[in-house]
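Asks: The following comprises the amino acid sequence and a computationally predicted model.
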Amino acid sequence: MTSRPSRDIYAETLAVFDSHEPLTTPEVADALNAKRRTVYKRLEKLADQGELETKKTGSSSRVWWRNPADVSSKYNVGSEPHHGSSAERPSSDVPETEQVTTQSTDDTRDERKPEHRSQAMGSILDGVAIVDESGEYRYANEQYAEVYGYDDPQALLGEHWQMCYQEKVLSRFEDEIIPTLCEESAWRGEAIGQREDGTTFPQELSLAVADDGGIVCVVRDITDRKENERQLRDVRQFNEELVENAPFGMFRLDEELRITYENPRAEEIIGLPDSKESSDAIGVRIDELPPIIETGQADLFRTLEDGETIEFAFPFESIYGKEAYFTGRAVPVYRDGAFDGAILMATDISERRQYERELERQREQLAALDELNNVVRGITDAVIEQSTREEIEQVACDRLAESDSYRFAWIGAVNGDHELETRAEAGIDGYLDGMPLSPAPDASTGLGPTEKAVDTQEIRVIQNAHEDPDFELLGAHAREFDYQSSAVIPIVHQGVLYGVLSVCSERPDAFAKAEREVIGQLGDVIGHAIAAVDRKRALISDEVIELELRIPRLLDSKDGPTTDGTVTIERMTPLGDDEYLMYGRAPVDAMAVIHALGDQLTDWKEVRRFDETEGEVRFEQHLSDTPMASIIADHGGNFKKGKIEDGAFSAIIQLPPGTDVRWVVELIRETYPTVQIIRQRQVTRGVPSSEDMASTLTEDLTERQRIAVEAGYFGGFFDSPRHRSGEEIADSLNIGASTFHQHVRKAERKLFDIVFTEL
């Protein structure tokens with residue numbers, strides 16, 4: 001580290017002018033193979049020092065030349081250094097510690113004594129050394145020696161400065177530090193020094209060119225500072241990574257409560273679009289943000305300026321339309337005792353609140369389901385005990401309305417004019433007044449929930465009726481009568497619709513799948529109970545509705561078999577599960593009609609013939625899912641008799657009092673569109689009396705038949721289990737067993753004729 005490089009670059013520059021001819025800057029740059037701007041700076045400096053002359057030759061060009069009288073060895077390689085004045089070597093940029101040797105004038109330098117300079121440099125805390133032009137140390141204080149691991153500064157004197165640096169660092173000195181030192185007479189920066197033991201350390205190094213051509217070196221070991229900087233850098237990086245990757249949103253507010261920073265999670269919470277690099281909220285006071293103002297929480301954030309830590313929780317919609325539930329806290333920050341803003345930490349708990357609401361909803365549903373099971377069991381038990389349809393319907397409504405899960409309940413039925421009539425209600429009065437069957441038609445089907453339930457015989461559910469745009473009218477009813485969900489349950493038994501049960505709840509999400517399945521059972525329970533009551537009433541009532549029906553053409557084909565005889569249907573015996581046995585008699589030729597019907601109608605199955613005498617045959621026709629018989633049975637009626645004559649079918653059926661005959665006929669007409677009502681009347685049904693039975697025993701039975709029946713009855717033949725066989729009774733009567741059985745069968749026939757003729 002000597003002044004030789006300084007002499008070289010300026011000497012080389014001056015050497016270009018050895019011919020003393022004027023040259024332009026580009027010509028000098030080409031000769032030196034250097035950049036024009038660098039060469040221009042050198043030329044300016046040489047001109048300022050009087051080494052070169054210059055003249056402007058154009059708006060942006062200049063020529064340079066050297067006077068022969070000025071040629072000296074001042075910058076020649078190997079020459080002695082030129083000692084310029086203090087004006088030639090400004091020292092304003094040199095540190096105070098370096099000015100110990102650079103601020104003296106030529107006159108005072110000759111008078112300064114070496115011991116005075118040594119004492120001054122020795123008192124400096126930093127390491128200080130002076131290197132002569134050859135690069136050898138001619139002075140070093142104790143601090144300088146200690147920095148490089150030497151016990152005695154004398155160990156450095158006479159040694160070359162390069163011993164304190166590794167090869168790769170020396171390359172930096174040659175390429176960067178020394179050229180700068182030559183041009184600017186000073187350099188300051190950081191480098192890597194090498195101690196005596198070979199270890200390295202970071203150093204802060206200041207170099208200055210002294211007036212005598214030497215270099216003043218000031219060095220400081222910055223190992224501790226570098227370590228502190230590294231630790232601070234690591235902490236800063238950790239904090240930055242922590243903030244950037246925090247699972248909650250973080251906002252930095254300045255002293256004016258303006259938002260100055262949002263971490264990535266905060267940007268997610270507010271819904272920052274991907275197309276935007278930063279939020280529009282940056283630079284805006286948080287208490288002036290429209291979403292915060294709309295929540296009414298602006299005053300809360302202003303208290304931060306008073307030094308209060310705040311906590312908050314409120315739903316809001318961000319400036320980008322993102323809905324969130326904002327919860328967190330904000331902590332004021334102080335710097336040098338003055339308010340410096342706040343750090344706001346926030347979390348979007350929308351998903352958690354939704355999960356909590358879902359749990360609460362599930363708890364409500366489970367509670368409602370548990371209560372509903374109890375209600376359904378209670379209704380099932382209660383309706384069985386009722387003796388009339390009205391009582392069944394009212395007790396069902398009462399039990400539902402008494403439940404905590406439901407607001408009110410009602411049962412309605414569709415009359416012949418397709419209007420809804422109230423049959424029972426509980427928990428409310430007048431809900432159905434003036435309501436049409438379709439109070440809220442669906443835009444897609446034109447049907448309301450009640451009409452859909454009637455039409456499909458399936459449960460229909462409306463949830464959150466206040467907000468459902470498809471049922472605006474129903475929503476108005478819901479608000480008026482204070483409920484949010486409703487279920488319309490068809491009351492059906494064996495295909496017969498008795499009406500609908502409507503249950504309304506204040507819960508917006510009532511009647512979910514599990515609850516719907518349970519409450520849907522009430523339609524079957526109530527329907528079964530009503531059907532049972534109707535059947536019981538039909539059995540014990542003397543009054544019945546007798547209806548005579550006629551179907552002009554039972555066979556579809558005009559070319560079907562015809563006969564002059566009449567097919568008589570005497571009885572329709574139910575087997576259960578919509579299976580029936582139809583008994584009748586017909587002329588032998590007329591059986592072709594029965595077989596043709598069996599081929600044409602899917603519900604006519606196997607037919608059996610028996611007792612064929614005198615051109616007439618009796619038959620047994622198996623029917624399965626036959627519509628007419630099922631409809632009559634479902635309404636508690638019975639098939640009295642019928643006939644097929646000239647291709648037309650006519651029948652007399654009996655229905656319990658109070659049956660909606662028009663509805664029954666409409667159901668039959670769905671299968672047989674041409675059905676006609678010939679006659680409808682109220683009749684008193686005959687019931688076999690004991691006198692009728694006694695008269696038959698005394699008048700219609702022969703003596704042998706009566707004796708056989710009495711002997712069998714009192715002798716244990718009719719007991720179960722049978723105590724005596726027919727052979728044993730016959731032995732007692734001194735007749736053959738076959739004769740006994742013949743007498744018994746004939747007597748039974750006459751007695752059953754009385755029973756079934758009246759029923």
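Replies: Yes, it's here.
Asks: Select the helix or strand of the chain having the lowest average pLDDT value.
Replies: Scoring the helices and strands of the chain by mean pLDDT, DSSP states H and E places helix 99-102 at the bottom, with a mean of 35.
Asks: surely residue 57 meets residue 63?
Replies: Yes - here residue 57 reaches residue 63: they are 5.5 Å apart, a contact under Cβ atoms under 8 Å. Yep, even glycine has a C-beta here, placed from its N, CA and C like the rest.
Asks: Neighbour count for those two, which is higher?
Replies: Neighbours per residue (other Cβ atoms under 10 Å) separate residue 57 from residue 63, with residue 63 holding more: 16 against 11.
Asks: so what's that one up against?
Replies: Residues near residue 63 by Cβ atoms under 8 Å, 6 or more residues apart in numbering: 22-24, 54-55, 57.
Asks: quick one, strands of the stretch 451-600 of the chain?
Replies: 460-462, 485-493, 496-505, 543-551, 567-576, 579-587 (DSSP state E, counting those that start in this stretch).
Asks: Packing partners of the first one?
Replies: Counting contacts by 3 or more Cβ pairs under 8 Å, 6 or more residues apart in numbering; DSSP states H and E, the secondary-structure elements packed against strand 460-462 are helix 449-456, strand 485-493.
Asks: Can you tell me the element residue 329 falls in?
Replies: Here residue 329 sits within strand 323-335, counting by DSSP states H and E.
Asks: That strand pairs with which strands, and in what direction?
Replies: Applying DSSP bridges, strand 323-335 is found paired with strand 310-317 (antiparallel), strand 338-348 (antiparallel).
Asks: tell me the angle the helix with the most length in the chain makes with strand 496-505.
Replies: Counting by DSSP state H, the longest helix found in the chain is helix 350-385. Relative orientation of helix 350-385 with respect to strand 496-505: 140 degrees, computed using axes from the mean of the first three to the mean of the last three Cα atoms, to 10 degrees.
Asks: What ranges does the stretch 51-200 of the chain have for its strands?
Replies: With DSSP E, counting those that start in this stretch as the criterion, the stretch 51-200 of the chain has strands spanning 53-56, 62-65, 127-131, 137-140, 186-194, 200-209.
Asks: quick check: angle from the following helix or strand past the last one to strand 127-131?
Replies: The reference is to strand 200-209. Next helix or strand after strand 200-209 toward the C-terminus (DSSP H and E): strand 215-221. Strand 215-221 runs at 150 degrees relative to strand 127-131, counting by the same axes, to 10 degrees.
Asks: what does the average pLDDT come to for strand 215-221?
Replies: Average pLDDT, strand 215-221: 95.
Asks: Strand partners (parallel or antiparallel) of that strand?
Replies: Strand 215-221 has its sheet partners listed here by DSSP bridges as strand 127-131 (antiparallel), strand 200-209 (antiparallel).
Asks: CA atoms only for that strand, dumped as PDB, please.
Replies: The C-alpha atoms that make up strand 215-221 are tabulated as PDB, following Å, rounded to 0.1, in the frame of the first residue of the first chain:
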ATOM      1  CA  ILE A 215      -0.500   6.200   4.100                       C
ATOM      2  CA  VAL A 216      -2.100   6.700   7.500                       C
ATOM      3  CA  CYS A 217      -4.100   3.500   8.400                       C
ATOM      4  CA  VAL A 218      -6.800   3.500  11.100                       C
ATOM      5  CA  VAL A 219      -8.300   0.100  11.900                       C
ATOM      6  CA  ARG A 220     -10.900  -1.100  14.200                       C
ATOM      7  CA  ASP A 221     -11.900  -4.800  15.000                       C
END
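Asks: any idea which helix or strand comes after it?
Replies: Trace forward from strand 215-221 with DSSP H and E and the next one is helix 223-244.
Asks: which residues are contacting the following helix or strand past that following helix?
Replies: Scanning forward in sequence from helix 223-244 by DSSP H and E, the next helix or strand is strand 249-253. Outside of strand 249-253, the residues within contact range by Cβ under 8 Å, 6+ apart are 243, 259-263, 265-270, 286, 304, 328, 330, 341-348.
Asks: Just the buried ones from those?
Replies: 243, 259, 262-263, 265-267, 269-270, 286, 304, 328, 330, 341-348 (16 or more other Cβ atoms under 10 Å).
Asks: centroid residue for the protein?
Replies: residue 351 (8.3 Å; Cα atoms, centre = their mean).
Asks: Turn the strands of the stretch 451-600 of the chain into TSV, including mean neighbour count, mean pLDDT and distance to residue 357.
Replies: Output for these, formatted as TSV (neighbours: other Cβ atoms under 10 Å; pLDDT from 0 to 100; distance: least, Cβ to Cβ, whole Å):
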stretch	mean neighbour count	mean pLDDT	distance to residue 357
strand 460-462	22	89	20
strand 485-493	24	91	16
strand 496-505	25	89	17
strand 543-551	18	89	56
strand 567-576	16	86	50
strand 579-587	18	89	52
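Asks: Quote the end-to-end distance of stretch 314-328.
Replies: The first and final residues of stretch 314-328 sit 10 Å from each other (Cα to Cα, to the nearest Å).
Asks: Same list (the helices and strands packed on strand 460-462) but as a markdown table, adding distance to residue 654.
Replies: Formatted as a markdown table, these follow (distance: least, Cβ to Cβ, whole Å):
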| stretch | distance to residue 654 |
| --- | --- |
| helix 449-456 | 27 |
| strand 485-493 | 19 |
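Asks: and of the ones you listed, who's closest to residue 424?
Replies: strand 485-493 (11.0 Å; Cβ to Cβ).
Asks: What is that closest one packed up against?
Replies: Against strand 485-493 (3+ Cβ pairs under 8 Å, 6+ apart) you get helix 449-456, strand 460-462, strand 496-505, helix 513-519, helix 521-540.
Asks: one more time with 6 Å, if that's ok
Replies: helix 449-456, strand 460-462, strand 496-505, helix 521-540 (3 or more Cβ pairs under 6 Å, 6 or more residues apart in numbering; DSSP states H and E).
Asks: quick check: angle from that strand to helix 521-540?
Replies: Using the same axes, to 10 degrees: strand 485-493 against helix 521-540 is 30 degrees.
Asks: quick one: strand 485-493 to chain centroid distance?
Replies: Mean-position distance between strand 485-493 and its chain equals 31 Å (Cα atoms, centre = their mean, to the nearest Å).
Asks: mind listing what that strand pairs with, with the direction of each?
Replies: strand 460-462 (antiparallel), strand 496-505 (antiparallel).
Asks: In CSV: those strands, plus distance to residue 213.
Replies: Output for the strands paired with strand 485-493, formatted as CSV (distance: least, Cβ to Cβ, whole Å):
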stretch, distance to residue 213
strand 460-462, 102
strand 496-505, 103
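Asks: Can you say which of those is nearest to residue 223?
Replies: Between the strands paired with strand 485-493, strand 496-505 lies closest to residue 223; by Cβ to Cβ that is 77.1 Å.
Asks: mind listing the helices for the stretch 551-700 of the chain?
Replies: 591-600, 627-634, 661-671, 690-695 (DSSP state H, counting those that start in this stretch).
Asks: Give me whichever of these is most buried.
Replies: Stretch with highest mean neighbour count among those: helix 627-634 (a mean of 21; mean count of other Cβ atoms under 10 Å).
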